[in-house]
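Peer 1: Sequence plus the predicted model coming up.
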Amino acid sequence: MSRTDPSASPTVSREQALEEALITCQRRALLGSLCSMIAHEYNNVMSPLVTRAEFALAGNRPEDLRKALEVASRQAQRAVEISKQLRAFIEPPADPGKPVNLAEAAQEAIATLIRPLDKDGVDLILKIPSDLQLLADRNMLVHLVLNLILNARQAMLESRGYLRVSATEDGPYALLQVCDSGVGLAPERLEAFNRFFQAPDESVMADGVGLGLLVCRTIVRRFGGSIETTRNESRGCTFSVRWPLA
């Protein structure tokens, strides 16, 4: 049996091995979804570099050549950062149960989007205490937040809106909320979503629950948390995650 096979370890149950495979598959699917944004941002990085270089070469003046090199240096650093963010996202989960800073994990998830949300007409409001520590695996926590942000972004593609990512302490848990002003959920779908999130297994399936939300439930439960969704008074909905504090 391969040493990389998650089912090879006697301490890993078949259920956990299947969960690992599900999470890995969804991470790869997310990369596919991010490809268009990645390509767009790389184009944004390279276009000013090429334009400035062509201008400098055409004029052949030392000051223009210097400016071209400065632009090239900045844009190349941005390209390196994009690559680092992608590499960090596809790394396999590490050992669970370590203190993870939630604000830093949320920032990493936002950076993984590559394309800023405001370019899609979404105003981001981030309110997470800088010292809030969760008992988690960093990669899985980033994966969870990224899934919820992408879910909210999808609900706001047809019109401008806001996305608020906030967190507070709630007893022994952190309450993480991802609130959007998107199209929202019909009452029957909302009820089906929450039945699915609260069911002990996959025996209750909600119509329209995508792979991303299934993975969110899997990750949250692995670390002893819970997830639910509610309708906002005006527009959109809020996904609330309770996650054990470190």
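Peer 2: Thanks, I have the structure now. This structure is a prediction, so every number in the text was calculated from the model and none was measured. Numbering: from 1, shown residues only.

Peer 1: Tell me the first helix or strand C-terminal of the host helix or strand of D123.
Peer 2: Per DSSP states H and E: D123 is located in strand 122-127. Tracing the chain past strand 122-127, the next element assigned as helix or strand by DSSP H and E is strand 133-136.

Peer 1: what comes up buried for the very next helix or strand once past that following strand?
Peer 2: Using DSSP H and E, the next helix or strand after strand 133-136 towards the C-terminus is helix 138-155. In terms of neighbour count (16 or more other C-beta atoms under 10 Å), helix 138-155 has its buried residues at 138-153, 155. In short, each C-beta sits where N, CA and C put it, glycine included.

Peer 1: just to revisit the earlier point, name the surrounding residues that touch the strand holding D123.
Peer 2: Residues outside strand 122-127 that contact it (C-beta atoms under 8 Å, 6 or more residues apart in numbering) are 106-107, 110, 117-118, 153, 156, 160-167.

Peer 1: Next, S73: phi, psi?
Peer 2: The phi and psi values for S73, taken as degrees, to the nearest 10, are phi -60, psi -50.

Peer 1: Return the distance of it relative to G225.
Peer 2: Computed as C-beta to C-beta, to the nearest Å, the S73 to G225 distance reads 43 Å.

Peer 1: Compare those two (neighbour count), which wins?
Peer 2: Neighbour count, other C-beta atoms under 10 Å: between S73 and G225, G225 has more, with 20 against 11.

Peer 1: and the more buried one, how far is that from K67?
Peer 2: G225 sits 51 Å away from K67, going by C-beta to C-beta.

Peer 1: Could you give the average pLDDT over the longest strand seen in the chain?
Peer 2: In terms of residue count, the longest strand belonging to the chain (DSSP state E) is strand 161-170. Averaged across strand 161-170, the pLDDT comes to 96.
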